[in-house]
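Colleague: next comes the sequence, and after it the predicted model I'd like to discuss.
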Amino acid sequence: QVQLVESGGGLVQPGGSLRLSCAASGADDDIPVMGWYRQLPGKEREFVANIIGGGTPNYGVSAKDRFTISRDRAKGEVFLQMNNLKPEDTGVYYCQMLFRTYGSKWGQGTQVTVSA
């Protein structure tokens, strides 16, 4: 059974940083697409960042200049470094991976709270 497990969320003060991690397990498969989404309170899930194939990272408007996505494709791991966090970044962050054989999978989500 393919599973994605996220970690690294928590409470941070405005201006602080967090690094989210997501690791895939249960699948010996190539993962062409790895990314992050988030759901802010009262809002629909939105795109944060992803890496497709061997291309350069793509970022949503809210993530540009503050967040950096990276990955270890061979290990099935994706990361999100978030700097200069703001209260409006508070929400649940989900990793998403598109497996070549198993299709799209989502993590369970990790809570990020930015508050003084």
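Modeller: Perfect, I can see it now. Just so you know, these numbers come straight off a predicted model, no measurement behind them.
Colleague: got the contact list for the residue nearest the centre of the chain?
Modeller: Centroid check for the chain by C-alpha atoms, centre = their mean gives residue 36 as the closest residue, at 2.9 Å. Shown in contact with residue 36 (C-beta atoms under 8 Å, 6 or more residues apart in numbering): 20, 22, 48-50, 69, 78, 80, 93-96. Every residue, glycine included, has its C-beta placed from N, CA and C.
Colleague: 10 Å instead, please
Modeller: Residues counted as contacts of residue 36 (C-beta atoms under 10 Å, 6 or more residues apart in numbering) are 6, 20, 22, 47-50, 59-60, 63, 67, 69, 78-80, 82, 93-96, 107.
Colleague: can you pull out the strands in the protein?
Modeller: 3-7, 10-12, 18-25, 33-39, 46-52, 58-59, 67-72, 77-82, 91-99, 103-106, 110-114 (DSSP state E).
Colleague: how about stretch 46-58: buried residues?
Modeller: Across stretch 46-58, burial judged by 16 or more other C-beta atoms under 10 Å covers 47-51, 57.
Colleague: list the beta-bridge partners for the residue nearest to the centre of the chain.
Modeller: For residue 36, the beta-bridge partners under DSSP bridges are residue 49, residue 95.
Colleague: and residue 83, how many neighbours?
Modeller: Per other C-beta atoms under 10 Å, the neighbour tally for residue 83 reads 13.
Colleague: likewise for the one 10 residues further on?
Modeller: Using other C-beta under 10 Å as the criterion, residue 93 is surrounded by 23 other residues.
Colleague: that one and residue 101, how far apart?
Modeller: Noted for residue 93: a distance of 26 Å to residue 101, by C-beta to C-beta, to the nearest Å.
Colleague: then residue 80?
Modeller: For residue 80 relative to residue 101 (C-beta to C-beta), the value is 25 Å.
Colleague: which of those two has more residues huddled nearby?
Modeller: residue 80 (26 against 10).
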